[in-house]
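Peer 1: this is a predicted model, with the sequence first.
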Amino acid sequence: MTAPLLVVDAPSILYRNYFAMPSDILGTDGKPVGAVLGFIRFIMAEIDAITDARAGIPGPRAVVICFGAEEASYRVELLPAYHAHRDPMPDDLRHQFGLCAEVCALMGWRVSQHETLEADDLLGAYAKLEHAERSPCLLLTGDRDLFQCVTANVKVRFPQGAGKGVATVDPAGVAEWVGVAPSQVPDLIALRGDTSDGIPGAAGIGAKTAAALLEQHATLERVIAAAERAVNGGGKPVSPMSQKRAESIVGSAHDLRIYQQVATLQPVPVDRPADQETDWKGGAAAARERGMNRLAETLDRRI
(Lines give C-alpha, C1' and ligand atoms only; values in the text may rest on other atoms or scores of the structure.)
Protein backbone atom coordinates (compact mmCIF):
# COMPACT_ATOMS: atom_id res chain seq x y z
CA MET A 1 0.00 0.00 0.00
CA THR A 2 1.08 3.57 -0.70
CA ALA A 3 1.35 6.00 2.18
CA PRO A 4 -1.29 8.76 1.94
CA LEU A 5 -0.85 12.51 2.03
CA LEU A 6 -2.55 13.93 5.14
CA VAL A 7 -4.06 17.38 4.58
CA VAL A 8 -5.44 19.19 7.63
CA ASP A 9 -8.16 21.85 7.84
CA ALA A 10 -6.34 23.84 10.53
CA PRO A 11 -9.18 26.28 11.43
CA SER A 12 -11.65 23.41 11.83
CA ILE A 13 -9.36 21.35 14.07
CA LEU A 14 -8.11 24.36 16.05
CA TYR A 15 -11.66 25.52 16.80
CA ARG A 16 -12.56 22.01 17.88
CA ASN A 17 -9.65 21.85 20.32
CA TYR A 18 -10.16 25.41 21.54
CA PHE A 19 -13.52 24.38 22.99
CA ALA A 20 -12.26 20.97 24.14
CA MET A 21 -9.16 22.10 26.05
CA PRO A 22 -8.88 24.10 29.30
CA SER A 23 -8.34 27.83 28.76
CA ASP A 24 -5.79 28.15 31.59
CA ILE A 25 -2.98 26.29 29.80
CA LEU A 26 -0.47 29.08 29.18
CA GLY A 27 2.75 29.38 27.21
CA THR A 28 5.94 31.21 28.15
CA ASP A 29 4.36 34.52 27.09
CA GLY A 30 1.43 34.02 29.46
CA LYS A 31 -1.05 33.51 26.64
CA PRO A 32 -3.28 30.43 26.18
CA VAL A 33 -1.85 27.53 24.18
CA GLY A 34 -4.50 24.88 24.84
CA ALA A 35 -5.89 24.86 21.31
CA VAL A 36 -2.41 24.34 19.85
CA LEU A 37 -1.64 21.61 22.37
CA GLY A 38 -4.87 19.80 21.52
CA PHE A 39 -4.30 20.34 17.80
CA ILE A 40 -0.84 18.75 17.79
CA ARG A 41 -2.07 15.80 19.84
CA PHE A 42 -5.00 15.38 17.46
CA ILE A 43 -2.67 15.24 14.44
CA MET A 44 -0.41 12.79 16.25
CA ALA A 45 -3.42 10.54 16.83
CA GLU A 46 -4.24 10.76 13.12
CA ILE A 47 -0.69 9.78 12.21
CA ASP A 48 -1.01 6.79 14.53
CA ALA A 49 -4.33 5.87 12.88
CA ILE A 50 -2.72 5.98 9.43
CA THR A 51 0.33 3.97 10.47
CA ASP A 52 0.05 0.29 9.58
CA ALA A 53 3.32 -1.58 10.07
CA ARG A 54 1.88 -4.85 8.77
CA ALA A 55 0.94 -3.16 5.49
CA GLY A 56 4.29 -1.41 5.32
CA ILE A 57 2.86 2.08 5.93
CA PRO A 58 5.01 4.00 8.46
CA GLY A 59 2.53 6.90 8.47
CA PRO A 60 1.53 9.64 6.02
CA ARG A 61 4.03 10.41 3.27
CA ALA A 62 3.76 14.08 4.32
CA VAL A 63 1.48 16.33 6.36
CA VAL A 64 0.05 19.61 5.04
CA ILE A 65 -1.54 22.11 7.44
CA CYS A 66 -3.91 24.53 5.67
CA PHE A 67 -4.84 28.02 6.86
CA GLY A 68 -6.91 30.58 4.99
CA ALA A 69 -9.18 33.59 5.27
CA GLU A 70 -12.12 33.35 7.68
CA GLU A 71 -14.35 33.91 4.66
CA ALA A 72 -13.21 34.14 1.04
CA SER A 73 -13.72 37.67 -0.30
CA TYR A 74 -15.32 36.43 -3.51
CA ARG A 75 -17.89 34.44 -1.50
CA VAL A 76 -18.87 37.53 0.48
CA GLU A 77 -19.16 39.50 -2.76
CA LEU A 78 -21.52 36.85 -4.14
CA LEU A 79 -23.45 36.45 -0.90
CA PRO A 80 -23.09 39.27 1.66
CA ALA A 81 -24.80 37.09 4.30
CA TYR A 82 -22.01 34.49 4.01
CA HIS A 83 -20.61 33.91 7.54
CA ALA A 84 -22.15 37.26 8.60
CA HIS A 85 -24.00 35.71 11.54
CA ARG A 86 -20.91 34.10 13.05
CA ASP A 87 -19.36 35.44 16.23
CA PRO A 88 -15.90 37.00 15.83
CA MET A 89 -12.98 34.68 16.53
CA PRO A 90 -12.06 34.83 20.23
CA ASP A 91 -8.88 36.84 20.82
CA ASP A 92 -7.32 34.05 22.85
CA LEU A 93 -7.78 31.72 19.88
CA ARG A 94 -6.68 34.14 17.17
CA HIS A 95 -3.10 34.38 18.42
CA GLN A 96 -2.92 30.57 18.57
CA PHE A 97 -3.35 30.33 14.79
CA GLY A 98 0.07 31.90 14.25
CA LEU A 99 1.59 29.87 17.07
CA CYS A 100 0.18 26.67 15.60
CA ALA A 101 1.64 27.47 12.17
CA GLU A 102 5.07 28.06 13.75
CA VAL A 103 5.11 24.78 15.65
CA CYS A 104 3.78 22.77 12.70
CA ALA A 105 6.47 24.14 10.39
CA LEU A 106 9.17 23.18 12.91
CA MET A 107 7.73 19.66 13.00
CA GLY A 108 8.44 19.26 9.29
CA TRP A 109 4.83 19.70 8.25
CA ARG A 110 4.10 21.92 5.28
CA VAL A 111 2.13 25.00 6.28
CA SER A 112 -0.01 26.20 3.38
CA GLN A 113 -1.71 29.59 3.74
CA HIS A 114 -3.90 31.82 1.57
CA GLU A 115 -4.89 35.42 2.23
CA THR A 116 -8.16 35.62 0.28
CA LEU A 117 -9.40 32.02 -0.08
CA GLU A 118 -10.31 29.64 2.72
CA ALA A 119 -8.52 26.59 4.08
CA ASP A 120 -11.26 24.49 2.43
CA ASP A 121 -10.13 25.69 -0.99
CA LEU A 122 -6.54 24.70 -0.23
CA LEU A 123 -7.64 21.24 0.92
CA GLY A 124 -9.54 20.86 -2.34
CA ALA A 125 -6.49 21.87 -4.35
CA TYR A 126 -4.25 19.27 -2.69
CA ALA A 127 -6.96 16.64 -3.07
CA LYS A 128 -7.16 17.38 -6.79
CA LEU A 129 -3.39 16.99 -7.17
CA GLU A 130 -3.32 13.66 -5.36
CA HIS A 131 -6.34 12.41 -7.31
CA ALA A 132 -4.59 13.27 -10.59
CA GLU A 133 -1.57 11.28 -9.43
CA ARG A 134 -3.82 8.40 -8.32
CA SER A 135 -2.18 8.70 -4.94
CA PRO A 136 -4.08 8.25 -1.66
CA CYS A 137 -5.02 11.39 0.21
CA LEU A 138 -6.79 11.98 3.52
CA LEU A 139 -8.50 15.28 4.31
CA LEU A 140 -8.87 15.86 8.05
CA THR A 141 -11.78 18.25 8.55
CA GLY A 142 -15.01 18.73 10.44
CA ASP A 143 -16.62 20.44 7.44
CA ARG A 144 -18.93 18.32 5.30
CA ASP A 145 -18.49 20.75 2.40
CA LEU A 146 -15.23 18.87 1.78
CA PHE A 147 -17.24 15.76 0.89
CA GLN A 148 -17.25 17.18 -2.66
CA CYS A 149 -13.54 16.26 -2.87
CA VAL A 150 -14.03 12.56 -2.19
CA THR A 151 -12.97 10.11 -4.90
CA ALA A 152 -11.75 6.53 -5.04
CA ASN A 153 -8.37 7.63 -3.63
CA VAL A 154 -9.30 10.83 -1.76
CA LYS A 155 -11.15 10.31 1.52
CA VAL A 156 -12.28 12.60 4.30
CA ARG A 157 -11.35 11.91 7.91
CA PHE A 158 -14.30 13.40 9.77
CA PRO A 159 -14.16 13.91 13.57
CA GLN A 160 -17.39 12.81 15.21
CA GLY A 161 -18.88 13.52 18.61
CA ALA A 162 -17.19 12.79 21.91
CA GLY A 163 -16.13 9.17 22.17
CA LYS A 164 -17.07 8.34 18.57
CA GLY A 165 -13.64 8.79 17.02
CA VAL A 166 -12.87 9.87 13.48
CA ALA A 167 -14.84 8.44 10.54
CA THR A 168 -13.27 7.68 7.17
CA VAL A 169 -15.67 8.89 4.48
CA ASP A 170 -15.32 7.39 0.98
CA PRO A 171 -17.73 7.86 -1.98
CA ALA A 172 -20.20 5.37 -0.51
CA GLY A 173 -19.87 7.13 2.82
CA VAL A 174 -20.76 10.49 1.27
CA ALA A 175 -23.99 8.96 -0.05
CA GLU A 176 -24.69 7.50 3.39
CA TRP A 177 -23.97 10.74 5.24
CA VAL A 178 -25.66 13.31 2.98
CA GLY A 179 -27.61 11.27 0.41
CA VAL A 180 -25.80 12.34 -2.77
CA ALA A 181 -22.62 11.67 -4.74
CA PRO A 182 -19.54 13.82 -4.00
CA SER A 183 -19.95 15.81 -7.22
CA GLN A 184 -23.49 16.76 -6.16
CA VAL A 185 -22.54 18.24 -2.79
CA PRO A 186 -22.47 21.91 -3.95
CA ASP A 187 -25.86 21.43 -5.61
CA LEU A 188 -27.22 19.86 -2.42
CA ILE A 189 -25.96 22.77 -0.32
CA ALA A 190 -27.52 25.26 -2.75
CA LEU A 191 -30.93 23.58 -2.53
CA ARG A 192 -31.15 22.78 1.18
CA GLY A 193 -29.00 25.66 2.40
CA ASP A 194 -26.34 25.69 5.10
CA THR A 195 -27.18 27.69 8.21
CA SER A 196 -23.60 27.53 9.50
CA ASP A 197 -22.40 29.39 6.39
CA GLY A 198 -25.41 31.69 6.01
CA ILE A 199 -26.68 30.01 2.82
CA PRO A 200 -30.53 30.10 2.87
CA GLY A 201 -31.30 27.45 0.22
CA ALA A 202 -34.73 27.18 -1.41
CA ALA A 203 -37.74 27.80 0.82
CA GLY A 204 -39.50 24.56 1.73
CA ILE A 205 -36.64 22.33 0.53
CA GLY A 206 -34.98 20.33 3.30
CA ALA A 207 -32.00 18.00 3.17
CA LYS A 208 -33.98 14.85 2.28
CA THR A 209 -36.02 16.56 -0.42
CA ALA A 210 -32.92 18.18 -1.92
CA ALA A 211 -31.15 14.81 -2.04
CA ALA A 212 -34.21 13.16 -3.61
CA LEU A 213 -34.45 15.88 -6.26
CA LEU A 214 -30.79 15.41 -7.15
CA GLU A 215 -31.21 11.64 -7.25
CA GLN A 216 -34.01 12.17 -9.76
CA HIS A 217 -32.51 15.01 -11.83
CA ALA A 218 -28.73 14.70 -11.17
CA THR A 219 -27.82 18.42 -11.18
CA LEU A 220 -29.10 21.74 -9.89
CA GLU A 221 -29.64 22.98 -13.44
CA ARG A 222 -31.82 19.98 -14.25
CA VAL A 223 -33.77 20.46 -11.03
CA ILE A 224 -34.42 24.08 -12.02
CA ALA A 225 -35.43 23.01 -15.54
CA ALA A 226 -37.89 20.45 -14.14
CA ALA A 227 -39.34 23.07 -11.82
CA GLU A 228 -39.74 25.51 -14.71
CA ARG A 229 -41.63 22.90 -16.74
CA ALA A 230 -43.99 22.30 -13.83
CA VAL A 231 -44.61 26.01 -13.28
CA ASN A 232 -45.06 26.77 -16.98
CA GLY A 233 -47.52 23.95 -17.60
CA GLY A 234 -45.06 21.62 -19.26
CA GLY A 235 -46.24 18.63 -17.28
CA LYS A 236 -47.42 17.58 -13.85
CA PRO A 237 -44.57 17.60 -11.31
CA VAL A 238 -43.31 14.17 -10.31
CA SER A 239 -42.58 13.47 -6.63
CA PRO A 240 -40.49 14.64 -4.84
CA MET A 241 -41.16 17.73 -6.95
CA SER A 242 -44.48 19.40 -6.13
CA GLN A 243 -46.13 22.51 -7.48
CA LYS A 244 -45.23 24.43 -4.34
CA ARG A 245 -41.62 23.25 -4.40
CA ALA A 246 -41.37 23.98 -8.12
CA GLU A 247 -42.55 27.54 -7.55
CA SER A 248 -40.03 27.96 -4.73
CA ILE A 249 -37.17 26.70 -6.91
CA VAL A 250 -38.12 28.82 -9.93
CA GLY A 251 -38.58 31.90 -7.77
CA SER A 252 -35.11 31.52 -6.29
CA ALA A 253 -33.28 30.05 -9.32
CA HIS A 254 -30.89 33.00 -9.62
CA ASP A 255 -30.01 32.82 -5.94
CA LEU A 256 -29.64 29.03 -6.04
CA ARG A 257 -26.99 29.37 -8.73
CA ILE A 258 -25.16 31.85 -6.53
CA TYR A 259 -25.38 29.49 -3.55
CA GLN A 260 -23.89 26.74 -5.70
CA GLN A 261 -20.94 28.97 -6.61
CA VAL A 262 -20.42 29.84 -2.96
CA ALA A 263 -20.47 26.15 -1.98
CA THR A 264 -18.07 25.08 -4.73
CA LEU A 265 -14.39 24.94 -3.79
CA GLN A 266 -12.21 27.21 -5.88
CA PRO A 267 -9.00 26.20 -7.70
CA VAL A 268 -5.79 27.28 -5.99
CA PRO A 269 -2.32 26.82 -7.50
CA VAL A 270 -0.33 24.61 -5.13
CA ASP A 271 2.71 22.39 -5.55
CA ARG A 272 2.50 18.69 -4.83
CA PRO A 273 4.35 18.07 -1.55
CA ALA A 274 7.45 15.91 -1.55
CA ASP A 275 7.59 13.05 0.93
CA GLN A 276 8.56 14.42 4.34
CA GLU A 277 8.77 12.59 7.66
CA THR A 278 7.62 14.32 10.81
CA ASP A 279 10.49 15.96 12.72
CA TRP A 280 9.64 14.87 16.25
CA LYS A 281 12.87 16.34 17.63
CA GLY A 282 12.19 19.71 16.05
CA GLY A 283 8.63 19.62 17.33
CA ALA A 284 9.75 18.80 20.87
CA ALA A 285 12.19 21.72 20.85
CA ALA A 286 9.52 24.08 19.48
CA ALA A 287 7.02 22.98 22.12
CA ARG A 288 9.53 23.32 24.96
CA GLU A 289 10.60 26.81 23.86
CA ARG A 290 6.95 27.91 23.93
CA GLY A 291 6.19 26.47 27.36
CA MET A 292 4.33 23.33 26.25
CA ASN A 293 6.52 21.02 28.31
CA ARG A 294 4.18 18.03 28.53
CA LEU A 295 3.75 18.08 24.76
CA ALA A 296 7.53 18.29 24.42
CA GLU A 297 7.91 15.19 26.60
CA THR A 298 5.35 13.34 24.47
CA LEU A 299 7.19 14.31 21.28
CA ASP A 300 10.54 13.33 22.82
CA ARG A 301 9.25 9.77 23.17
CA ARG A 302 8.69 9.66 19.38
CA ILE A 303 12.31 10.42 18.53
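Peer 2: Here it is on my side, so go on.
Peer 1: and the pLDDT at Gln9?
Peer 2: Actually, residue 9 is Asp rather than Gln. pLDDT for Asp9: 99.
Peer 1: likewise for Ala55?
Peer 2: 76.
Peer 1: neighbours of it, how many?
Peer 2: Neighbourhood size, Ala55 [other C-beta atoms under 10 Å]: 9. Where you see a C-beta, it was placed from the backbone N, CA and C, and this is true even at glycine.
Peer 1: contacts only, for it.
Peer 2: Ala55 is in contact with Met1, counting by C-beta atoms under 8 Å, 6 or more residues apart in numbering.
Peer 1: equivalent analysis for the one 5 residues further on, please.
Peer 2: If a contact means C-beta under 8 Å, 6+ apart, then Pro60 has 3-6, 47, 50, 138 as its contacts.
Peer 1: so which of those belong to helices?
Peer 2: Among the contacts of Pro60, the ones falling in helices (DSSP state H) are 47, 50.
Peer 1: and the contacts of Pro60 as a markdown table, adding distance to Ala152, pLDDT and neighbour count?
Peer 2: Shown next, in a markdown table, are the contacts of Pro60 (distance: C-beta to C-beta, whole Å; pLDDT from 0 to 100; neighbours: other C-beta atoms under 10 Å):
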| residue | distance to Ala152 | pLDDT | neighbour count |
| --- | --- | --- | --- |
| Ala3 | 17 | 93 | 19 |
| Pro4 | 13 | 96 | 21 |
| Leu5 | 15 | 98 | 25 |
| Leu6 | 18 | 98 | 25 |
| Ile47 | 23 | 96 | 16 |
| Ile50 | 18 | 90 | 19 |
| Leu138 | 13 | 98 | 24 |
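Peer 1: now, the contacts of Pro60 that are in strands?
Peer 2: 5-6, 138 (DSSP state E).
Peer 1: now the residues you listed in TSV, with distance to Asp255?
Peer 2: Output for these, formatted as TSV (distance: C-beta to C-beta, whole Å):
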residue	distance to Asp255
Leu5	36
Leu6	37
Leu138	34
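Peer 1: just the closest of those to Trp109, please.
Peer 2: Nearest to Trp109 among the ones in strands among the contacts of Pro60 is Leu6, at 8.8 Å by C-beta to C-beta.
Peer 1: isn't that closest one right up against Ile65?
Peer 2: No: taking C-beta atoms under 8 Å as the definition, Leu6 is not a contact partner of Ile65, at 9.4 Å.
Peer 1: just give me the neighbour total for Gly173.
Peer 2: Neighbour count of Gly173, defined by other C-beta under 10 Å: 17.
Peer 1: ditto for Ala274
Peer 2: 8.
Peer 1: just give the closest residue to it, not the sequence neighbours.
Peer 2: Using C-beta to C-beta, 6 or more residues apart in numbering and skipping residues adjacent in sequence, the residue nearest Ala274 is Ala62, 6.9 Å away.
Peer 1: can you pull out the strands in the protein?
Peer 2: 5-9, 62-67, 110-113, 137-140, 154-159, 166-169.
Peer 1: want to throw these into CSV with distance to Arg301?
Peer 2: Formatted as CSV, the strands of the chain follow (distance: least, C-beta to C-beta, whole Å):
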stretch, distance to Arg301
strand 5-9, 21
strand 62-67, 19
strand 110-113, 24
strand 137-140, 23
strand 154-159, 24
strand 166-169, 22
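Peer 1: for Leu214, which of those strands is the nearest?
Peer 2: Of these, nearest to Leu214 by C-beta to C-beta is strand 166-169, at 18.1 Å.
Peer 1: strand partners (parallel or antiparallel) of that closest one?
Peer 2: Under the criterion DSSP bridges, strand 166-169 sits next to strand 154-159 (antiparallel) in its sheet.
Peer 1: and Lys164, how close does it get to Asn293?
Peer 2: 30 Å (C-beta to C-beta, to the nearest Å).
Peer 1: swap that for Ile189, please
Peer 2: Distance of Ile189 to Asn293, given as C-beta to C-beta: 43 Å.
Peer 1: just the helices in the stretch 201-303 of the chain please.
Peer 2: All helices of the stretch 201-303 of the chain, identified by DSSP state H, counting those that start in this stretch, fall at 207-217, 220-231, 243-251, 253-263, 280-289, 293-300.
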